[in-house]
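1. Compute the structure for the input listed below.
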Amino acid sequence: MQQVGIVSMVAGSGLVVQAVLYILILFSVLSWGVIIYKFRQVRTARRQSARFVELFWDTKNLTSIHSASQELKESPVAQVFRAGYQELVRFTRAKRQAEAAEDGADSTELSGLASVERAMKRAKNQELTRLEKALTFLATTASATPFIGLFGTVWGIMNAFLGLSATQSSSIQAVAPGIAEALIATATGLVAAIPAVIAYNHFSRQIRVLAAEMDNFSSEFLNIAERHFLK
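-> Predicted structure coming up:
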């Protein structure tokens, strides 16, 4: 009975309120699609990153680690390692050539370490951009839909009172149906906004954790590269 009442109130509302409701429903459906997509993406990134970090510390050969990291394409930490490793390989080759000239050896080592660091930072930024994709839509849904619903409510209440002025009755029963219809827009806006803001905060925190993991791994990898490859 309650569901039928809501449907009948929506069907009996004005065109503007109905348009607002359709927009809010569209926002809600799309935001839930984004939430499901981001949940799977972030969960896979966390799992693969944990697997890669364990693999990195258990395996002593960087070449083997690089080969294994190719299967962990959703791991941001693995992608940061791949960028640093490839840059390290380039500069270790250049270092061997520069060792023949004593004047250029030190500068080659310094530029090599800086280039590895830049490559890893660039990979980190690319991974953060990939992980943050579609979060803007959740933020927009969380901030905009309550106001869209409020607009529908204000418009519906305004029409309800305008209709009251054209009737002979001034009791609350005359405007109650119109106000109830209008308040559905606000309720729908909140229904769309609440999951979006919760999901946005959750995914933002998970991405910050992954960013910290990439920073920590980059520091460890640079220390290893400096001690063992760029002496």
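2. ranges for the helices of this structure?
-> 2-12, 15-58, 62-69, 76-98, 105-131, 135-165, 172-228 (DSSP state H).
3. got the angle for the shortest one vs helix 172-228?
-> Helix 62-69 and helix 172-228 are oriented at 160 degrees to each other (axes from the mean of the first three to the mean of the last three Cα atoms, to 10 degrees).
4. between helix 62-69 and helix 15-58, how big is the angle?
-> 150 degrees.
5. now helix 62-69 against helix 76-98, angle please.
-> 150 degrees.
6. Check the offset of helix 62-69 from the chain's centre.
-> Chain-centre distance of helix 62-69: 28 Å, with Cα atoms, centre = their mean, to the nearest Å.
7. go on, the second one?
-> Using Cα atoms, centre = their mean, the mean C-alpha position of helix 15-58 is found 7 Å from that of the whole chain.
8. Which other helices and strands does that helix contact?
-> helix 62-69, helix 76-98, helix 105-131, helix 135-165, helix 172-228 (3 or more Cβ pairs under 8 Å, 6 or more residues apart in numbering; DSSP states H and E). In this view, the C-beta of every residue, glycine as well, is placed from N, C-alpha and C.
9. and it, what's its mean pLDDT?
-> Per-region confidence: helix 15-58 scores 93 on mean pLDDT.
10. Extract the residue ranges of the protein that are flagged as low pLDDT.
-> 1-14, 95, 98-111, 163-178, 229-231 (pLDDT under 70).
11. Pick the most deeply packed of the helices of the chain.
-> Burial of the helices of the chain is given as mean neighbour count (mean count of other Cβ atoms under 10 Å); helix 76-98 ranks first at a mean of 20.
12. if we can go back for a sec, export the helices and strands packed on helix 15-58 as TSV, with columns for distance to Val42.
-> Below are these laid out as TSV (distance: least, Cβ to Cβ, whole Å):
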stretch	distance to Val42
helix 62-69	19
helix 76-98	10
helix 105-131	7
helix 135-165	10
helix 172-228	5
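13. Leu24 is nearest to which of those?
-> helix 172-228 (4.5 Å; Cβ to Cβ).
14. What is the closest one packed up against?
-> Using 3+ Cβ pairs under 8 Å, 6+ apart: helix 172-228 touches helix 2-12, helix 15-58, helix 76-98, helix 105-131, helix 135-165.
15. Redo the ones you listed as CSV? Include distance to Pro195.
-> Formatted as CSV, the helices and strands packed on helix 172-228 follow (distance: least, Cβ to Cβ, whole Å):
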stretch, distance to Pro195
helix 2-12, 19
helix 15-58, 7
helix 76-98, 25
helix 105-131, 20
helix 135-165, 9
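16. can you tell which of the ones you listed is closest to Asn201?
-> If you check each of the helices and strands packed on helix 172-228 against Asn201 by Cβ to Cβ, helix 135-165 wins as the nearest, at 9.0 Å.
17. So which of the helices and strands packed on helix 15-58 is nearest Ile36?
-> helix 172-228 (9.6 Å).
18. Could you tell me the angle between the closest one and helix 105-131?
-> 160 degrees.
19. how big is the angle separating helix 172-228 from helix 135-165?
-> Using the same axes, to 10 degrees: helix 172-228 against helix 135-165 is 170 degrees.
20. distance between helix 172-228 and the chain's centre?
-> 8 Å.
21. try stretch 220-231
-> 33 Å.
22. what residues are up against Ala212?
-> The contact partners of Ala212, taken as Cβ atoms under 8 Å, 6 or more residues apart in numbering, number zero.
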